[in-house]
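A.B. asks: sharing a model prediction with you, sequence too.
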Amino acid sequence: MKAAVLTGIHRFDVTSVPTPELVHDTDIRIRIMTVGVCGSDVHYFTTGRIGSQIVEFPFTIGHETAGVVDRIGSKVTRVRPGQRIAVDPAVSCGECDQCKAGREHTCRRLLFLGCPGQIEGCLGEYLVLPEKCCFPIPDSMTFVQATLSEPLAIGVYAVERSGIRDGASVGILGAGPIGMSVFHVLRTRNPAHIIVTEKLESRLAMARALRPAWSGNPDRVDVVAEVGRIEPHMLDIVFECSGDPAASLQGVQLLKPGGTLVIVGIPEVDEIAFPIHELRRKEITILNIRRQVHCTQKALDLLASGAVAMDAMVTHSFTLDRTQDAFDLVSGYRDGVMKAMITIP
């Protein structure tokens with residue numbers, strides 16, 4: 001089969017690799033139709049690592065995907081050949097203490113698509129996964145929408161974990177695909193105000209289309225002062241979705257006493273220093289989000305019902321042969337890109 005393989009920093013080669021075969025009787029082989037370019041994929045493309053996860057080239061990345069069931073193992077009951085599906089890219093063991101506690105996303109033996117040392121990613125024509133990772137989609141749903149269910153599921157999980165209540169004042173720092181996913185989910189709740197910050201004007205414009213109470217570029221305005229005019233007591237919850245350490249620190253400033261900082265974005269640095277005395281005096285809760293758990297179907301249901309419409313987030317499309325162009329575009333934040341989608345015809 002054909003695959004786009006990461007062969008070095010800033011370098012993809014489209015080449016032939018062995019077509020994966022079923023290994024277990026609960027396995028499914030998927031004919032890949034669409035792959036979304038995620039910010040974590042870009043980290044591997046630009047730096048070859050995320051924290052201790054270091055790429056050994058060559059390696060295939062990519063984890064946001066949807067496709068058609070090609071073959072199934074003898075014990076598969078959830079899907080059938082020819083069925084259209086979305087994918088949860090995390091493969092948990094189902095046996096460790098974390099899995100038994102319902103925390104499959106922190107499984108002791110977790111394997112994740114496109115993660116170094118775990119599973120080769122989905123930037124190829126075929127992929128084999130356990131049936132529990134595959135979710136049937138309705139005929140009315142496009143493969144692009146099904147692929148967007150992966151970042152949306154993270155937004156669903158982050159909002160659920162935040163413990164948001166009706167009438168809460170909320171901030172979103174970073175209006176990239178994850179920040180916008182959080183925004184879309186928040187709009188299905190009943191917050192008093194949603195505040196959005198973003199440094200890229202094209203993304204800020206897309207966020208403004210969802211009508212936040214206030215939005216601004218932190219490089220151009222005093223965000224803390226502006227938010228204080230709208231919410232004199234400051235915010236109940238701040239979702240840090242950019243991965244920028246400066247945004248995490250600003251999130252602490254934006255929170256009222258007893259507030260919650262929800263860290264969703266993935267930083268490129270290994271350590272972030274927080275103002276401990278401000279955290280202590282305000283009794284700030286810091287909540288870390290590790291991908292998602294049990295939220296893929298919830299995300300698909302939101303998309304299928306029309307409660308969330310994310311199609312506009314896909315600003316650019318490429319074929320597999322142009323994977324290099326897609327990653328060059330996204331890593332350089334060029335041409336107003338929000339989400340690039342790779343289609344495998």
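C.D. replies: Done, it's in. Numbering: from 1, shown residues only.
A.B. asks: D70 is in contact with Y126, correct?
C.D. replies: Yes. Here Y126 lies in contact with D70, judged by Cβ atoms under 8 Å, at a distance of 6.6 Å. (C-beta placed from N, C-alpha, C; glycine too.)
A.B. asks: residues near the closest residue to R290 other than its chain neighbours, how many?
C.D. replies: Using Cβ to Cβ, 6 or more residues apart in numbering and skipping residues adjacent in sequence, the residue nearest R290 is H105, 5.3 Å away. For H105, the count of nearby residues is 20 (other Cβ atoms under 10 Å).
A.B. asks: distance of H105 from S242?
C.D. replies: 21 Å (Cβ to Cβ, to the nearest Å).
A.B. asks: and R161, by the same measure?
C.D. replies: Separation of R161 from S242 (Cβ to Cβ) stands at 18 Å.
A.B. asks: so between these two, which is more surrounded?
C.D. replies: Higher neighbour count among R161 and S242: S242, with 26 against 18, using other Cβ under 10 Å.
A.B. asks: just confirm that one is within a helix.
C.D. replies: No. With DSSP: H, G, I helix; E, B strand; the rest coil as the criterion, S242 is coil rather than part of a helix.
A.B. asks: if we ignore the residues flanking it in sequence, what's nearest it?
C.D. replies: For S242, the spatially nearest residue (Cβ to Cβ, 6+ apart) is G174, at 2.8 Å.
A.B. asks: repeat that for Q253.
C.D. replies: Counting by Cβ to Cβ, 6+ apart, V224 is the residue found nearest to Q253 once chain neighbours are left out, at 5.1 Å.
A.B. asks: start and end of stretch 278-298, how far apart?
C.D. replies: One end of stretch 278-298 sits 36 Å from the other (Cα to Cα, to the nearest Å).
A.B. asks: how many residues are close by V35?
C.D. replies: 32.
A.B. asks: list the contacts of it.
C.D. replies: G62, E64, T65, C122, L123, T147, M341, I342, I344 (Cβ atoms under 8 Å, 6 or more residues apart in numbering).
A.B. asks: next up, phi/psi of I164, please.
C.D. replies: Per-residue torsions, I164: phi -60, psi 140 (degrees, to the nearest 10).
A.B. asks: looks like it contacts V238 (just checking).
C.D. replies: No. The pair I164 and V238 does not pass the contact test of Cβ under 8 Å, sitting 11.5 Å apart.
A.B. asks: overlap of the contact sets of these two?
C.D. replies: In contact with both I164 and V238: V170, using Cβ under 8 Å, 6+ apart.
A.B. asks: list the buried residues for stretch 223-240?
C.D. replies: V223, V227, E231, M234, L235, D236, I237, V238, F239, E240 (16 or more other Cβ atoms under 10 Å).
A.B. asks: quick check: closest non-adjacent residue to the first one.
C.D. replies: Counting by Cβ to Cβ, 6+ apart, the nearest residue to V223 once its immediate chain neighbours are dropped is T197, at 5.6 Å.
A.B. asks: where's that neighbour relative to S215, distance?
C.D. replies: 7 Å.
A.B. asks: and the two? Which one has more around it.
C.D. replies: T197 (30 against 20).
A.B. asks: tell me the SS of the residue most central in space within the chain?
C.D. replies: Taking Cα atoms, centre = their mean, the centroid of the chain lies closest to P151, which sits 3.4 Å from it. Here P151 is helix, with the state taken from three-state DSSP.
A.B. asks: touching, it and I178? I think so.
C.D. replies: Yes. With contact defined as Cβ under 8 Å, P151 counts as touching I178 (5.8 Å).
A.B. asks: for M313, report the pLDDT, please.
C.D. replies: You'll see M313 listed with a pLDDT of 97.
A.B. asks: ugh, wrong one, G124
C.D. replies: 98.
A.B. asks: separation between it and P345?
C.D. replies: In terms of Cβ to Cβ, G124 sits 13 Å off from P345.
A.B. asks: the more surrounded of those two?
C.D. replies: Comparing G124 with P345 by other Cβ under 10 Å, the one with more neighbours is G124, at 24 against 7.
A.B. asks: for that one, list the residues it contacts.
C.D. replies: G124 makes contact with M1, K2, A3, A4, V17, I32, T60, L320, I344, according to Cβ under 8 Å, 6+ apart.
A.B. asks: quick check: bridge partners of it?
C.D. replies: Note on G124: beta-bridge partners by DSSP bridges are A3.
A.B. asks: now the strands for the stretch 1-150 of the chain?
C.D. replies: 2-8, 11-16, 27-36, 49-50, 53-54, 64-72, 84-87, 90-91, 111-112, 126-130, 134-136 (DSSP state E, counting those that start in this stretch).
A.B. asks: out of the ones you listed, which gets nearest to G265?
C.D. replies: Among these, strand 49-50 comes nearest to G265, with 11.8 Å by Cβ to Cβ.
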